[in-house]
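> I would like to see how this sequence folds:
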Amino acid sequence: MLPTRKIRSGKQPAAKQATQRGRSLPALTQQHAGSLESSDCQAVGAVLSRIGDKWSVLVVMQLADGPRRFNELKRAIGGISQRMLTLTLRGLERDGMITRTVFETVPPRVDYSLTELGQSLRSPVEALGMWAFEHLPAIEKARQAFDIRHGPDKST
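This next block holds a predicted model:
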């Protein structure tokens, strides 16, 4: 886990401390543990919250093949409300993942497309989606076993 507080001067970075104690941290953590501060963790957390959000992932997947209009996205992403799609698109636009292009027609036409930054997210999102499809049977089996032991989860 990434450190969530500043490392005080005179203290060794978390990665070095863990290695000295005989434990190893993942490569990413070892690489960044000494340089990440609380504000860095919060910033990374905000980005991961945006791009790891269920709706954002689905929007990126839909836009991977090219520009789409709002209602095309709404139809393609089953179960998303108009408000949630609007909020998701605004957030992705704010973070530089998508562009919103307004065409001066009657009625006005608005297209959404991935930016270069958004395109760079395609590969990780597709890999995550493939992982989910590939492991879905094992996850369902684990859920069923858990529910048998502990009772069904009311939140799903």
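
> low pLDDT regions in the chain?
The chain contains residues with pLDDT under 70 at 1-36, 154-156.

> change it to 90
Counting by pLDDT under 90, the chain contains low-confidence ranges at 1-54, 107-108, 125-130, 132, 151-156.

> ranges for the helices of this structure?
Taking DSSP state H to define them, one finds helices in the chain at 14-20, 27-32, 38-51, 54-63, 70-76, 82-94, 116-150.

> Please identify the buried residues of the fifth one?
Across helix 70-76, burial judged by 16 or more other C-beta atoms under 10 Å covers 70, 73-74. Quick note: C-beta positions are derived from backbone N, CA and C, even for glycine.

> closest to Thr105 out of the helices of the chain?
Closest to Thr105 of the helices of the chain, according to C-beta to C-beta: helix 70-76, at 14.2 Å.

> From the rest of the structure, what touches stretch 49-67?
Here stretch 49-67 makes contact (C-beta atoms under 8 Å, 6 or more residues apart in numbering) with 68, 72-73, 76-77, 80, 84-85, 88-89, 91-92, 95, 97-98, 101, 111-114, 118, 121-122, 125-126, 128-129.

> can you list the helices of the chain in JSON lines and add distance to Pro107?
Listed next are these as JSON lines, based on distance: least, C-beta to C-beta, whole Å:
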{"stretch": "helix 14-20", "distance to Pro107": "56"}
{"stretch": "helix 27-32", "distance to Pro107": "47"}
{"stretch": "helix 38-51", "distance to Pro107": "30"}
{"stretch": "helix 54-63", "distance to Pro107": "22"}
{"stretch": "helix 70-76", "distance to Pro107": "11"}
{"stretch": "helix 82-94", "distance to Pro107": "16"}
{"stretch": "helix 116-150", "distance to Pro107": "26"}
